[in-house]
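1. build me a structure from this.
(4 chains)
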Protein chains: 4
Amino acid sequence: MDFAVSEKMQVVLELINEFVDKELIPLEPQYLSRPWEELEPVLEDKRRMVKQMELWAPLHPKEWGGMGLDLVEYGLVCEALARTFTGVYVFGCQAPDAGNIEILMKYGTPEQKEKFMRPLVEGKIRSCFSMTEVDQPGSNPVMLDTTAVLQDGQWVINGHKWYTSSADGAEFAIVMAVTDPEAPPHLRASMIIAPTKTPGFNRVRNISVMGHSGSGWPSHAEILYQNCRVPGENLLGPRGHGFIIAQERLGPGRIHHCMRWIGICNRCLELMCQRALTRPVSPNQKLADMQIIQTWIAECAAEIRAAKLLILNCAWTIQKYGVKEARQDISLIKFYAAGVMQKVVDRALQVHGGLGMTDDTPIASFYRHERASRIYDGVDEVHKISVAKRIIKEAAAKVAS
Amino acid sequence: MDFAVSEKMQVVLELINEFVDKELIPLEPQYLSRPWEELEPVLEDKRRMVKQMELWAPLHPKEWGGMGLDLVEYGLVCEALARTFTGVYVFGCQAPDAGNIEILMKYGTPEQKEKFMRPLVEGKIRSCFSMTEVDQPGSNPVMLDTTAVLQDGQWVINGHKWYTSSADGAEFAIVMAVTDPEAPPHLRASMIIAPTKTPGFNRVRNISVMGHSGSGWPSHAEILYQNCRVPGENLLGPRGHGFIIAQERLGPGRIHHCMRWIGICNRCLELMCQRALTRPVSPNQKLADMQIIQTWIAECAAEIRAAKLLILNCAWTIQKYGVKEARQDISLIKFYAAGVMQKVVDRALQVHGGLGMTDDTPIASFYRHERASRIYDGVDEVHKISVAKRIIKEAAAKVAS
Amino acid sequence: MDFAVSEKMQVVLELINEFVDKELIPLEPQYLSRPWEELEPVLEDKRRMVKQMELWAPLHPKEWGGMGLDLVEYGLVCEALARTFTGVYVFGCQAPDAGNIEILMKYGTPEQKEKFMRPLVEGKIRSCFSMTEVDQPGSNPVMLDTTAVLQDGQWVINGHKWYTSSADGAEFAIVMAVTDPEAPPHLRASMIIAPTKTPGFNRVRNISVMGHSGSGWPSHAEILYQNCRVPGENLLGPRGHGFIIAQERLGPGRIHHCMRWIGICNRCLELMCQRALTRPVSPNQKLADMQIIQTWIAECAAEIRAAKLLILNCAWTIQKYGVKEARQDISLIKFYAAGVMQKVVDRALQVHGGLGMTDDTPIASFYRHERASRIYDGVDEVHKISVAKRIIKEAAAKVAS
Amino acid sequence: MDFAVSEKMQVVLELINEFVDKELIPLEPQYLSRPWEELEPVLEDKRRMVKQMELWAPLHPKEWGGMGLDLVEYGLVCEALARTFTGVYVFGCQAPDAGNIEILMKYGTPEQKEKFMRPLVEGKIRSCFSMTEVDQPGSNPVMLDTTAVLQDGQWVINGHKWYTSSADGAEFAIVMAVTDPEAPPHLRASMIIAPTKTPGFNRVRNISVMGHSGSGWPSHAEILYQNCRVPGENLLGPRGHGFIIAQERLGPGRIHHCMRWIGICNRCLELMCQRALTRPVSPNQKLADMQIIQTWIAECAAEIRAAKLLILNCAWTIQKYGVKEARQDISLIKFYAAGVMQKVVDRALQVHGGLGMTDDTPIASFYRHERASRIYDGVDEVHKISVAKRIIKEAAAKVAS
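-> Prediction:
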């Protein structure tokens, strides 16, 4: 066993941390108070700087303009970037684009890659991923109402999706739709690329989430597909393999999210310490002198570290043995890390008192928006049950042997 | 011991519940998406209905136009009203006005009562309470920077306050300021009535809290007092008695807040059950069939009930023996009830999945705004320490005897 | 609502508290280190004192030699007695005898009352309740393996029970056995009185529980019924009504246990405070000065109080409206109070450090033996599910209406 | 980063697991119900087998007859051994001997090594470590009452210790005593080897811990040193360096304990799964089908894994950078792992219901005895505070720079 971070990565992380501190954290007030449209050109500038530093698109292959990091390294980068809202965006590894790129990389035809993936990797366009439905639980593949029927060489898509994040301003969506209703449950759906300008692709609204509809990248759209016709060649990957591809996409995506949460935890712990060091509770005492605060800081530190190791271990397993072998871990880190983050953010807020409720720090935004971490990509409870079933099955096999 | 609710109150509560269901809950989408100014006239209508039903101002004496309920009864009313955002406002018992009325009732001169209190009780104006300071912990009376100096028969107020809730649109503020810097710590500050139109009363901004600056009643202002001069007769209560009055105000105010939280809990539990009953998790199962959800519901029910009894017991003690005797309980219910509410709201949100994050239900708003319950009126931790010190002191006295 | 304790009860409780402090707490080292047989005569003396003080058998009717308290009053007595191990025993209201007396009182024939109940109420004999089976979940009435067949006017009992508490030294057991296997599930079992000297009543062992087999009253036996024949007239209550009677017995029994747990909590909180006041952590500081300890004390105090009110409210409901109306509460207080006790005991132990692990205080015994509170009388989880199902059903009914 | 376990270690662990399953787990009933003296000869046999398999004394150098594993490897061995009570004993790495050997290895004179260490490594004798005092907090070095005065070339030791674990049957104790009361606080105490047969070494009692006084290895003695005279050459390490040595001993000792706790967790999880697979809750359902149980299993699995990685990471840091660099982690894993174990054991017990309370499984023993993990080697709270102070200090340094 070797827990050392390579020297190369140490340098990369130092560069990133510095960039985040100097260039991105100062943008937080703007991010929190102004519409996305105003911030976008500023971030464009920052992206240029990142590209010049050759830190662009850390996970994507060098031949496509990325850094070509492995998954453990990428995880460490996500952690560093997530200390502020715009980190992953400015470094070209924001969800949902990063995940979409991966699918395209693995399953896209050369034409799809050229048309959709290249500008995405280069940060020229944005995309979205359209899976979750209003009335159906995302965790159950059998229960998908959106359909795509092949008519005259075109996929005709009908359905009602929401939480199609970042659809506002995206060039295309990857839509999950039932194409083969008679197939076995897990082989019913396919992924189809739907340009957002296609007639019948109706963005009903950006959903008001935690008080804000948002716009642009940080927004979550409700989409009504009404006879939305896209070319037959927009099928992404094999027909009926929608869920299989979605599962595969999950591995690196999970690492991305979970390490992002660790980054948020780190930031909150920093803020907690700074606040504790400066806030008086009496003329001679600061918050940092209070045992309750100290206890929180220690517990947060322990849990953040434990969660980080759990995630990196999972990244390493994916890398070494593949997504399938790592499945248990991929579920496990989801609920574990989300739980740790919620606790850390909550305590950071509490340490800040009234200030913590305001948008004068990033904590209140973490508090309300990252609450979603326990919900998206499968609610924690579903992951727990699936982890347990696998453990119980193994135990049964052991007893039987 | 007798846990029965009187028949009179059963009728009152039934009327209120019905009113809340029919008249106020339907306003929630509007409350969550439109500025206060648009909603205000609608609520004015509702207030008229409440007055006609003779349910106006439940805590205030009949001679001033209220219902004259006792504190336990008032608590039950708060619980019923808090199922929706606008309940306490429409029934004329919203913070901070209700608390201000109580101070004025007890300490106001006849002139102050006529000028400030009467229109307040009648719902013709709004007021605010200006105590919390940006750089000082609210829990420590020694650490107050705002001053009021008596010059030529006028109080000249200087200082920097925030979380002066509902200042936007208020007619006057009750300001806590140091008037006697040389007095013993607890006798340094006084309460002074400052009309908001007074020159030098500068509302800097409505603070952006959890993503929203708000306006009108639901807003929290930052106020800069710059040589703000108000008449000498605007001193409220004895000079130097600011903290003593603030302590007394706390009792009924605490009951108000805590029972309001119980009402929020009740609403969340209702929503949780409704969601569980309707949301499929598989073609043959609803969320309500899942043991995890069931466990949550049962735990929430137990904790809500326990918290409610604890608060009502405290209200009864205040009523029977006075605020001083109930002090321990007044601290205790604060952190206990806030903790229960946070857990209940969190679970209600989780049961709603993605929907819980949106503003299509009131839960997301409860989640982000009621987080403040663990902070305002003294952070939970301060209350815990003060409760413990009293318990330990009693234990020491017992040992000594 | 009225939370006042009557003057009569205040006097009773004061007397009891004094007795517990002076006569019973000093016996704890003996209770913890010596076999029951040695302690029994000492406790016999104490029982005599209690009878002289007319505090014997608080729940049982005056005409049978008891105090005839109502259920709320009895709860308060249990709380006071439970501060030490032998309290309920010395006052003649120990489980399982108290519960058995209640069944006999309600369902016993005059002959059964004279023969079995009278000496039990008078404390001349002990009894046990034989329901739980080794291989079946106690919570599911359908799954009971023990049978009783009526042959020649005698019940022939066969089966394997355990956790027949206090069987060692008991005169008789009330056995739950299937008498009507073809009846609807809830009407299959009956209660039968089986004298322990009957051939075929085999006490296999006192189970080693948490390191100790125990003996006499504080022990839990495994019983093998092998053609154990008892007279037909030993049927207790109507044939097939075993579960119905068991349910009814639960109400007051639950109050007994839950208030006993509150008493244990009170004792632990006392010990916590005393330890905190005397234990140095540095030359100038005691544990009581540490915020962490203070926080624990405050949280314990709040939760103990909340739990106590919840239980008393339930007792009041049983008394006023009957067991059936109080069913929800009877389930709810079980898991809520058990949870609070476990937390309080755990913290008391932690405050005592190494001493807490020893038998030099009662805490270690509370810690290991009261862990059972979350298990007996239905594991917490079963109660939670049943509470939730009832809540959900009510919610469904509401929606439907 | 590389999370792989070497092939060599995989083989070792497999051998150990098999040995534990076949040879040691079957001894559990005997361990739980019979005195140590009866079990000792059986374990002697097992030790012989272990020596033949060349798995004896995993942490100690090969030249002294051990396996010479590094700390990460040793941690994995401890984990495997701790699945049952006697594992570490049978493999010659039981506390407190393992720690004592380490001190002797590093600080012992050649004579001390030959006389005390050799027979200890070989398992011919046992030893104990006598530091904790009845009236003083172990965590504060200034507060040590035991003294050792050099008179006529002999150390005369006086003091009152307890929790001198395994003193019963030990050949010698390493005693911590103040030798230089005028020195700076951390340089006042020294370690001295005191043979237990020395006059003045009085074992007052084996303390009754969680209901049992125990005997032999699994016991905790109270020792009264009354003019206990030992040769001057029994000073272990430099005079006044007692605390410095104790700190150093902590590193590997912490790994030992924490990985042992992981082993206990693993065993509990195994038992939980087996129970869940076999225990019916209704005619058609097993515990394993209940979501609540599933949730527990998943959460336990996640936390055990996270804790394990945290500990191994710490072991790796100690190994690579030394105890001093790893200090923060050494504190952190203590409270984190102890917390995880307590939760896992508690849930395992709950899944077993009434059976969990009995000594028919090892869980009840884990439950009561491993509760000490949050207390010994510094209570969790002290570690949390020390971790926090270091984090806050670093944060302050960062701000300052």
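
2. contact partners for the nearest residue to A:Met67 once chain neighbours are set aside?
-> Leaving out its chain neighbours, the residue that sits closest to A:Met67 by Cβ to Cβ, 6 or more residues apart in numbering or on different chains is A:Pro58, at 4.5 Å. Bear in mind the C-beta positions are built from the backbone N, C-alpha and C, glycine included. By Cβ atoms under 8 Å, 6 or more residues apart in numbering or on different chains, A:Pro58 lies in contact with A:Gly66, A:Met67, A:Leu69, A:Glu73, A:Tyr74, A:Val77, A:Phe91, A:Gly92, A:Cys93.

3. between the residues you listed, which sits nearest chain D?
-> The closest of the contacts of A:Pro58 to chain D turns out to be A:Glu73 (Cβ to the nearest Cβ; 9.0 Å).

4. show me what contacts the residue in the stretch 201-350 of chain A positioned nearest to chain B?
-> Residue of the stretch 201-350 of chain A nearest chain B, by Cβ to the nearest Cβ: A:Ser208 (4.0 Å). By Cβ under 8 Å, 6+ apart, the contact list for A:Ser208 reads B:Leu32, B:Ser33, B:Thr358, B:Asp359, B:Asp360.

5. now the buried members of the residues you listed.
-> Among the contacts of A:Ser208, those classed as buried by 16 or more other Cβ atoms under 10 Å in any protein chain shown are B:Leu32, B:Thr358, B:Asp359, B:Asp360.

6. what about A:Arg34, neighbour count?
-> 12 (other Cβ atoms under 10 Å in any protein chain shown).

7. which of the buried ones among the contacts of A:Ser208 lies closest to D:Arg305?
-> B:Thr358 (33.9 Å; Cβ to Cβ).

8. from chain D, how far out is the residue nearest to A:Met67?
-> Distance of A:Pro58 to chain D, given as Cβ to the nearest Cβ, to the nearest Å: 16 Å.

9. one more: A:Glu182?
-> 31 Å.

10. now A:Ala82
-> Taken as Cβ to the nearest Cβ, the span from A:Ala82 to chain D is 19 Å.

11. chain neighbours aside, what residue packs nearest to that residue?
-> A:Gly263 (2.7 Å).

12. also A:Ala338?
-> A:Ser373 is the one closest to A:Ala338 (Cβ to Cβ, 6+ apart), at 4.1 Å.

13. look at that neighbour and tell me its secondary structure.
-> helix (DSSP: H, G, I helix; E, B strand; the rest coil).

14. of all of chain A, which residue lies closest to chain C?
-> For chain A, Cβ to the nearest Cβ, closest residue to chain C: A:Gln291, 3.9 Å.

15. in contact with A:Gln112, which residues?
-> Contacts of A:Gln112 (Cβ under 8 Å, 6+ apart): A:Leu104, A:Ile193, A:Glu233, A:Asn234, A:Leu236.

16. from A:Ser127, how far out is it?
-> 12 Å (Cβ to Cβ, to the nearest Å).

17. A:Trp56: what secondary structure?
-> Secondary structure of A:Trp56, per three-state DSSP, is coil.

18. hang on, isn't it packed against A:Gly66?
-> Yes. Counting by Cβ atoms under 8 Å, A:Trp56 does reach A:Gly66; the two are 6.7 Å apart.
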